[in-house]
Structure formats: C-alpha cells, structure tokens
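Chemist: I would like to see how this sequence folds:
(chains A and B)
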Amino acid sequence: MKQSAGMAGSKLGRFSIYTFLTAITALSIFPFYWMFVIGSNTTASINKFPPALSPGSRFIENLGKVFDTVDFGRAIINSFIVSTTATLCVLFFCSLAGFAFAKLEFKGRHFLFAFLVGTMMVPSQLGLIPSYMIISSLGWLDTLKAVIIPGIANAFGIFWMRQYIASSIPNELLEAGRIDGCSNFRLYWNITVPAVRPGFATLGIITFMGSWNDFLWPLVVLKDRSVHTIQIALKNLSGAYYQDYSMILAGTVLATLPILLIFLLFSKQFISGLTEGAVK
Amino acid sequence: MIGASTKKKFNQRMRDQLSAYLYIAPFFILFAVFGFFPMIFTAWVSLHKWSILGTKTFTGFQNYKFILEDPYFWKSLYNTFSIWYISTLPQLFCALILAFLLNQSLMKGKEFFRISVFLPNITSVVAVAIIFGAIFGQHYGLINYALSFIGIDPIDFKSSVLGTHLAISSMVMWRWTGYNAIIYLAGLQSIPNDLYEASTIDGASKSQQFFFITIPLLRPMIIFTIILSTIGGMQIFAEPLMFSGTGGGSQGQGLTLTLLLYEEAFARQAFGYASAIAWMLFFIIVVFSLINLFITRRLQSAE
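Modeler: Predicted coordinates for the structure are as follows:
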C-alpha cells in the first residue's frame, strides 16, 4: 500500500504521469492520422501553408490513382498468399520442433537447442548473396516460393513454442496419453496443439507481420511486377510519382490497413502473450 | 514380464528419438541450406572477383584491402553508427521511463496506453519511411511548418548529413520505443513486490528503489534490447533507401553498410566485393555487440 504513496500517489505526480503518457500516445498515433489526412486530400491542399490538418473526402479517388499506377490489387493478393502460407507453416513446423525440444528425450537435445538459439544471432544479410544464387539456380527467381520456403521454420518460433509448451503442458498428461496408446504425433496433435492456442496467437501475429512487412529479401528475388509484394509495390509507387503525396499516402494507408486490423483484433492477447513470453 | 516391459520402454525410447529428429529436421535442413551454407559460401565468394554470370577469379584478400581503401565504406560505416547512436540511446531511455510509468499500480487505462504505444511497431519500414519522408519534407513538411512558428527557416533535411540522420533516426525511434517499453514492462512485472515493500520499510526513496532495485533486476531485459537494437541498427536498410534514394543521396549522406552491400551486389553485380562487405558487417556486429555487452555488464558491477 505504501508503495503507492510516492510519485504515483500525489496529485501532481499522477498528473505528470498522465501528461507524459498522453504525449507519447499522441506521438505514436499521430503519423497514422496524418497518413490518412494526406491520403484523403489533394496534393495541392497539402502543399500550402498552413497545410490541411483534417481528413478530406478524396480517399477513394486517390486510391483509384494508386491502382492505375501500380498493380496494387495483385500485390495485396501476393502478400496475402505469402504471409498466410508462411504463418501456417511456421506455426506447424515450429510447434512440432518446440514439442520435440520440450517433451521428447533424444541425444544432443541440449546442444542442438543451444545451437538453434545461437543461430538467431547471425544477421540474415551475411548469407544474402549465396541465398540469391541458390534461389536463382533452383529457378525460383520471380516466384512466390522464393520468399515462402526459406521462412517456413525459424529459430525464434521454435524457441518461443518450446518455452510455451514446456511451461503449459504437464508431463503427466502426455504420460496418460501414452498409456492410452497414442503415438508421438498424436500426443502433439491431439493434446499439445489444443492447449497452446494462446502461444499460437502471439507467434502467428509476429510471423504474419514480419512476412507482410518484409522488404530486403523480396526486393532481391522478386523482380517481375506480377510477383511484387505490397511493400515492393509501395516502394515503386513512391519512386515513380514522388510528388503526388496524396496518392502515395493513400496507398500506404491501404497497405497498412490489413495489418492494423489484425493487430487491433488480437491486440489484448498479443501484448499479454508478448510480456509473458519475454520473462519465460 | 520384466523383460517385456524393459523391451517396451526401450522401444519407446527409440521411437522418441526418431520422432524428435524428424520433428526438428525441417528447421535444421532449412538452416543448412539458407543459413549455414550461404554464410560459409559468402566467405569463399569474398575471396574472388565474382560476376553475376558466374565468371570468377581468385584474388585472395584483395576485396578486403579494397574495402579499407574505399571512401564509401568509411562513409557508410560512419552513417550507420551515427544513425544507431542518435536513435538508440534516447529510444531505450524513453522506453525505460515509459515502462516504469505503465507499471504504476494506480494507472487507469493501462490497456489503451499499452496498445497505442506498441502500434508503430506493426507498420512496415517502407510505410514509416514514406510517412516520415513527408513529415520531414523541405517545402511543405510538417516539421518545417512547426518550425516556422518559432521563426526558423525551412530546413532541407534530405540534403544535409545531420538532417538525414535525424530523420532516419526518428523513424527508428518511432517504430521501436513502444516495443522496447513492452519488453521492459514484462521485466518489471516479474520483479516481486516484496522487494519494494521491504525497502520502503527500510526507508528507501522512490528514486533509490528505481536505481537499486528496478535497474539491476531489469538488466537481462536491458542487455536483450541493446543487443537487439545493435543487430537491427547495423543492418538498417529500407529507411535510408526510401529517404535518400539510390546511393544514399547526392553526397552519400544516407548510405549505410547494408545499402552499400545491396548496391554493390545487385546494382553493380560485384558479388565478390559485396560478400567481403557482408563479412565485414558481420564482424562489426559481433565486435560491437561484445563491446555493448561489456559496457552493460560493467554498469552492473559498478553498483
């Protein structure tokens, strides 16, 4: 009780806390608001002093120009295909491996897990050029496979799922399943998977966002317009018509909207999952 | 009877081993192909003059010698560190305060504040770069509009070195402060309340509690975020490419190490030289992470 008596207790203290938090919140949200302000006005109304500071009515019109300039529809579909496939694969392969590391006894378990954690420290740029050569010699350049396949399992996801499974599935439950004659895969599929849904939610959102927002690797392996993802399309949009800010920002709104909706839908679960996962 | 049961147990052990290797195989195969092999092969390529068509001549450590003589390399190294420094220190400091305040027991609307400070992290770097590019625009940018109220003439952020670094750093700060605050918040929540209660009884002030309980117990989280921002900061790419354009602008004011690597490899097709840059980048990240780790550890023993 006494703890609340200090800074947070006094009226002045509370007032300054809320002021600070509100200021940070405003700074966090303002760019989103401003992106929509520009995206829904004409470029002319932005390019004057004072600039327009409230949303206009030309959002749909600006979007129309976006679709005339680059194949935004195709890019959104591509991004959905890539992100959804990558997310489903990551959830499956990472939880399967996480299950093995958490619940199965095998030779080299500790070493392999330490090795796996170590691989997280290697920056992806280091292998950029040979990875490009491999994709090129497989004939995968300009196919969505090139961005999906290398990402279907990753060290972070396995680490995450291992921690989650180790702490949330009691060994007795699996023993009971064994006595009933379950195979290892059934122990994973019928007992583990249903019990770790919250872990899936957080990892799923992280993976989907990472995949949706990925830039360098798609830029390197997806040259043809027909396979561009949304981020590449956005870059081209901003490069081609640099001055038409309204159109560019309208496109940016559209590219951000899906991820924003998904995040807001799961935000409560996501933030608590993230804070729990961080201390495990 | 006993024999049968040991046999059964033995079978189970064999089965566990087999399934475990099978379950972890996808990651290790993938890592071998797209992680380990490329890493080693980069070193091999870096010892050659290697063109995109596959013609190659062995040149030993020539590429590394060229790098050390290349003014663009030194420029990109300076830019990368300058941007890292300007963005990381205020960002982590701000995140720490933010987490501390979000953790106050009397706070109302916790959920709302947490979600809104995290929001910037979900946007793509391309989107962030576009939005901030507009905010930092020379003629009609919002920053210059705000500055006009206090009588400062419009600043051409894009053409100056410091202006470019400030603009890029602000993108990084905007995107990552909330994320780091959430990580710190997780650490704060795991500190048992008894510690605070006991020290209050002993007469410790709030700021003493912050420096002698909160900071030391938060150290693993602080190390984690510093390492993460070191690795991320050394690899910064999309922001400078979007803000300064090809080559990092007219005087290379936005040229970072990864941008240099990308352009040498995929614009100039100098795979050998670019691979040598990749290894230099890796080397710099490792050394710099170790230095940061060392400094953070020192802070701990200083208390």
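Chemist: who's in contact with residue B:214?
Modeler: Taking C-beta atoms under 8 Å, 6 or more residues apart in numbering or on different chains as the contact definition, residue B:214 lies against B:100, B:188, B:191. Quick note: C-beta positions are derived from backbone N, CA and C, even for glycine.
Chemist: closest to residue B:92 out of those?
Modeler: Closest approach between the contacts of residue B:214 and residue B:92, by C-beta to C-beta: residue B:100, at 12.7 Å.
Chemist: neighbours of that closest one, how many?
Modeler: Here the neighbour count serves as a burial measure; for residue B:100 (other C-beta atoms under 10 Å in any protein chain shown) it reads 18.
Chemist: again with residue A:238
Modeler: When neighbours are counted by other C-beta under 10 Å, residue A:238 registers 23.
Chemist: doesn't residue A:248 make contact with it?
Modeler: Yes: if you go by C-beta atoms under 8 Å, residue A:238 and residue A:248 touch, sitting 5.0 Å apart.
Chemist: joint contacts of those two?
Modeler: In terms of C-beta under 8 Å, 6+ apart, residue A:238 and residue A:248 are both contacted by the residues residue B:130.
Chemist: and residue 128, what element?
Modeler: With no chain named, the answer covers chain A. Per DSSP states H and E, residue A:128 falls inside helix A:128-137.
Chemist: right idea, wrong chain: chain B
Modeler: Using DSSP H and E, residue B:128 sits in helix B:125-135.
Chemist: that helix close to chain A?
Modeler: Yes: counting by C-beta under 8 Å from any C-beta of the partner chain, contacts between helix B:125-135 and chain A involve B:125-128, B:130-135.
Chemist: export those to CSV and append columns for pLDDT.
Modeler: As requested, those are exported to CSV (pLDDT from 0 to 100):
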residue, pLDDT
B:125, 93
B:126, 94
B:127, 94
B:128, 95
B:130, 92
B:131, 92
B:132, 94
B:133, 90
B:134, 87
B:135, 90
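Chemist: closest to residue B:42 among the residues you listed?
Modeler: residue B:125 (23.9 Å).
Chemist: number of nearby residues for that closest one?
Modeler: 21.
Chemist: nearest residue to the residue of the stretch 101-250 of chain A found nearest chain B in space, please, no chain neighbours.
Modeler: Distances from the stretch 101-250 of chain A to chain B, computed as C-beta to the nearest C-beta, single out residue A:127 as the nearest residue at 2.8 Å. Of all residues beyond its chain neighbours, the one nearest residue A:127 is residue B:38 (2.8 Å), with distances taken as C-beta to C-beta, 6 or more residues apart in numbering or on different chains.
Chemist: coming back round to it: roughly how far out does the helix or strand following the helix holding residue A:128 sit from the chain middle?
Modeler: Counting by DSSP H and E, the next helix or strand C-terminal to helix A:128-137 is helix A:145-148. Relative to the mean C-alpha coordinate of its chain, helix A:145-148 is positioned 16 Å out (C-alpha atoms, centre = their mean, to the nearest Å).
Chemist: by contact count, what packs against helix A:145-148?
Modeler: In terms of contacts (3 or more C-beta pairs under 8 Å, 6 or more residues apart in numbering or on different chains; DSSP states H and E), helix A:145-148 is packed against helix A:72-103, helix A:216-221.
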